[in-house]
Structure formats: C-alpha cells, structure tokens
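In: let's see this in three dimensions:
(4 chains)
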Protein chains: 2
Amino acid sequence: MQQVICTVDVVLLTLQDDALKVALLNRSHEPFQGVAALPGGYIHPQSDGDAQDAALRVLREKTGITPPYLEQLATFSGPARDPRGWSVSIVYYALVPANVVAENVHPGVKLTSVDKPLKLPFDHLEIIRAAVARLRSKSQYSSLPCYLAGETFTLPQLQRVYESLMGEAINKVSFRRKITEMDMLEAVEGVFSSGVAHRPAQLYRLKPEIHEQLALLARGM
Amino acid sequence: MQQVICTVDVVLLTLQDDALKVALLNRSHEPFQGVAALPGGYIHPQSDGDAQDAALRVLREKTGITPPYLEQLATFSGPARDPRGWSVSIVYYALVPANVVAENVHPGVKLTSVDKPLKLPFDHLEIIRAAVARLRSKSQYSSLPCYLAGETFTLPQLQRVYESLMGEAINKVSFRRKITEMDMLEAVEGVFSSGVAHRPAQLYRLKPEIHEQLALLARGM
DNA sequence: TAAATAGTGTCTATTAGACATTATGCT
DNA sequence: AGCATAATGTCTAATAGACACTATTTA
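Out: Numbers count the residues shown, from 1 in each chain, chains lettered A, B, ... in the order given. Next up, the predicted model:
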C-alpha cells in the first residue's frame, strides 16, 4: 500500500519598501524544528474541503492572515525532499497588501526579501523561486499586482507596484492605457490626500466582480 | 493519521484532422470499472522518483506512449471526487504528434474530441477543460504547439497547428515574423516533397536546446 | 504553361512610448 | 506665486496585418 506524506505549503508574498518579501516562521516540530521555513502542514481529510481549504487553514493558524488572493502554484514531490519519507506538497501562493500583513500577522513571522540568499529546509527555496517567477510572469499581462496594492490605491501607487515587480520603469501613458483596457478599477469617491504639497491622486479599488479573479491584457504591459 | 489517496492522472492531447483529441481508456478496476476515463494510477513510492516519473510510467504502461512534452497541470483534491475517499490527483498533460500516437498507442485507447460533450467519471471533465485551457493559453505566446506538430514540419503545417488550437486564422507574414523572433527552429536539409502540384515547403525541426523547453514571445501571436 | 501553394516585399493600420502641457493641491 | 506631482494631449517610433508579387513544383 501507499506511504505518501501529503502536505500543503504556502508562499505568502507582500511588498514592503518596494521589495518582495516572503513570510517565514520557525518550525515548531521536527524535522528542522526551530528552523525558518514556509508555513505548511498536513491535510486534514476530516475537515478540509480540498487542498486550498487546507492551505487557507494552515495560513490562518500559523500566520493569522486570510489572504485576498490565493492560487495553486504547483505540487512538489519525491523521496528526498522531506526526511520523513516520500512526500507530496501541494503549494499555494498568497498575495497580501503590506498593511494587511502588518495589522494581522502573528509575532514570530519573519518577512524576508526574496532576492536575499536564503537558507531553507526541504525544497522551500526552489518553491519560493517558482512562486516569484509565477507572480512576475503573470504581472506582465494581468491585474494580479492589484492584490499587493491594498484595498484602495492611486494609479501612481499601482504603477510603483508593477514597477517593483517587473524591476523596470513603465511609461506612464502606456500604463494608464493598459489599466483602462483591463477595465478592472472603479474610482472611489473622494481623493487621496497625501498631505504633501502637490495635486492629490484619485483613489481606486478593484471592481467587485474582479475580486479573486484576474483581468487580462491582450498584449502585455 | 492521514487517509489521503494519492494518484496521478494524465491528459494526453493530440491533433487529429485539425481537432484536439484526448486519450481515454476503459478502466480495468473499480471504481467505474469499464468506464472510459483518463489514464491514471497510484504513485509507487518504492520506484517513482517523483510525481512526474509516476505520470510517465502510468502513461507508458496504459497507453504505450512516451510523450515528447509533459508538464504538470495542477493538483485536484477533495473528499467527493473519488468514491474511495479523500483524494489527491496530481495531473499532468502530455502533447504528442498524431503520428507518434498512431504508431505506438495500445489498442483500447480512444481518441475523443475535447469539444464533444463528454461523460466522464471523477472530475475528469473539469481536468480536461483545464488542460485544454492551459494549452490554448500558452499557445498564444510560446512554441508549445510545436510538440503537436511532429519531429519535422513545414511552416504552413505549423501555422495550421497554431490556427487549429487558437480557432482562428493567423496572418502569414506575422506568423513567420513571430516564429523567427522565437528563434527555435532549424531548417532540415532537403525539402518537403508533397507530391502535389505546387512549390514544396522547407522542413524544420525544433533546435536541440529547445527540446522540452519553451520559446516565448514578448507580445504574443 | 497553367494551377497551386511557398515565401517575401511593402504599404497601411494599430499600438506603444516620448514629451509636453494643463490641473490641482500645498506652502 | 511657486513647487510638486497628477492627469492628459499629441507627436513619433515600433509592431502587426493586408495585399501583392515572385518562386517552384507537378500535371
């Protein structure tokens, strides 16, 4: 009969100071007790409706966060990735605005730059690299970065999010044409009052019908 | 302790008469014995190096085919998708040229149009829809369709493959510009002699360094 | 040499980016 | 008023598509 260990892991990503951070926490059990790793855990067949439910539960229990966006990344498997034996990890990635992290995150969760050289147990480094690659790839042609920008945001703020993810400046006029083409935002009454000495920008939010969905571009950013 | 059934399923896709077909075979065991379904089976932790190895083994054992392209699609899970209990299926999709199918496929494998209304056990219909959506999506901006076109092919043949997948005509000049931009083909010495009464087309094959990889376009087809 | 399709040159339309101008808040 | 940044208008560059023309094979 089978002896396959079945777990979920979650790559929680957020933007802090224009840099992409991943949430790590010190493991409470063996193997690798005390070592920083991705939040993860066993599937609970008695209570979990599917693997995504398990990922949401694990993320809530371990980090205190319920993410506005969660998507399956891939499944990692093999005999060597976990010292307990042949294992399967169904991995999800979550996008969370910085303020939602700050207000809800459990103490002990560490936000670490994804570009820093990380030492991580299991195949968690490979998993994080895959999640970041997926996010950056989808950011080229979709509304995905909006889920890192918060509940409401201005277009200059959103452009900074896209630029941080892509690692390069975007033409302002082209950016706004693309945002209009995606048809995913609605203006929030009242404007962003920056307190600084210049014209304030209009606030926007994702249209309700877009939540947890993605708007797509025909030809990319 | 856990009671999670861990399996792999494979969506084998091929182009036959310009239509996308999926390989189905009648199940040899319960549940759904005798019913047409995707090739699938248990992971063998003693012998499988990872889930992809299990998918290759299952595909070879059940259909006789070793695919030139195999990629993880997604993992499907939950308590209701399999009557045996809470289950996980790590699903792969394979692209195989029609002639490779014809020359190697086991008797009993049925190729069925993916657009036909299918009655399938488990969540196999949803899985096939996801695989077709992934293939069509990636065909917009990558060399993926080449794996459906055979070992060697002419540019008019390749264009027909792309057009069949996308469901619409492509401008010939633009298509050739995009193929050149992807820089993935090398000419095969000698030309395709169609035997029909017109100018023969140059034969091409994927560059060796592209095999099992994808060439990408900056702005799509 | 006529028919059929391969392959390419070139013009036009569409899309993206550069740059400039106007708008609007604050000090 | 003057500064800073938001928002938009408009010109230019780059890319995509339409169309036509040449090339090469067989009947």
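In: the bottom helix or strand of chain A by mean pLDDT?
Out: One helix or strand of chain A scores below all others by mean pLDDT, DSSP states H and E: strand A:185-191, with a mean of 87.
In: from memory residue A:170 sits against residue A:161, does it?
Out: No: taking Cβ atoms under 8 Å as the definition, residue A:170 is not a contact partner of residue A:161, at 10.6 Å. Yep, even glycine has a C-beta here, placed from its N, CA and C like the rest.
In: which one of the two has more residues nearby?
Out: Each of residue A:170 and residue A:161 has its neighbours counted (other Cβ atoms under 10 Å in any protein chain shown); residue A:161 has more, 20 against 15.
In: relative to chain B, how far out is the spatially most central residue of chain A?
Out: Centroid-nearest residue in chain A: residue A:95, 2.5 Å away (criterion: Cα atoms, centre = their mean). Note on residue A:95: its distance to chain B, by Cβ to the nearest Cβ, to the nearest Å, is 18 Å.
In: residues contacting the residue nearest to residue A:157 when sequence neighbours are not counted?
Out: Of all residues not flanking residue A:157 in the chain, residue A:149 sits nearest, at 6.2 Å (Cβ to Cβ, 6 or more residues apart in numbering or on different chains). Applying Cβ atoms under 8 Å, 6 or more residues apart in numbering or on different chains, we find residue A:149 in contact with A:97, A:157, A:158, A:161.
In: please, a PyMOL command that selects the buried ones among those residues?
Out: Per 16 or more other Cβ atoms under 10 Å in any protein chain shown, the buried members of these correspond to this PyMOL selection:
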select buried, chain A and resi 97+158+161
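In: TSV for the contacts of residue A:149, including secondary structure and pLDDT?
Out: Formatted as TSV, the contacts of residue A:149 follow (DSSP: H, G, I helix; E, B strand; the rest coil; pLDDT from 0 to 100):
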residue	secondary structure	pLDDT
A:97	coil	98
A:157	helix	96
A:158	helix	98
A:161	helix	98
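In: farthest-apart pair in the contacts of residue A:149, please.
Out: Within the contacts of residue A:149, A:97 and A:158 form the most distant pair, 11.6 Å apart (Cβ to Cβ).
In: what's the single longest helix in chain A?
Out: helix A:124-139 (DSSP state H).
In: tell me which helix or strand comes right after it.
Out: Per DSSP states H and E, the first helix or strand lying C-terminal to helix A:124-139 is strand A:153-154.
In: ok, that following strand near DNA strand D or not?
Out: Yes: residues of strand A:153-154 contacting DNA strand D under Cβ under 7 Å from any atom of the strand: residue A:154.
In: which of the contacts of residue A:149 sits closest to DNA strand D?
Out: residue A:157 (7.5 Å; Cβ to the nearest atom of the strand).
In: by contact count, what packs against the longest strand along chain A?
Out: Counting by DSSP state E, the longest strand found in chain A is strand A:5-16. For strand A:5-16, the packing partners by 3 or more Cβ pairs under 8 Å, 6 or more residues apart in numbering or on different chains; DSSP states H and E come out as strand A:19-26, strand A:40-42, helix A:51-63, strand A:87-95, helix A:98-104, helix A:124-139, helix A:155-166.
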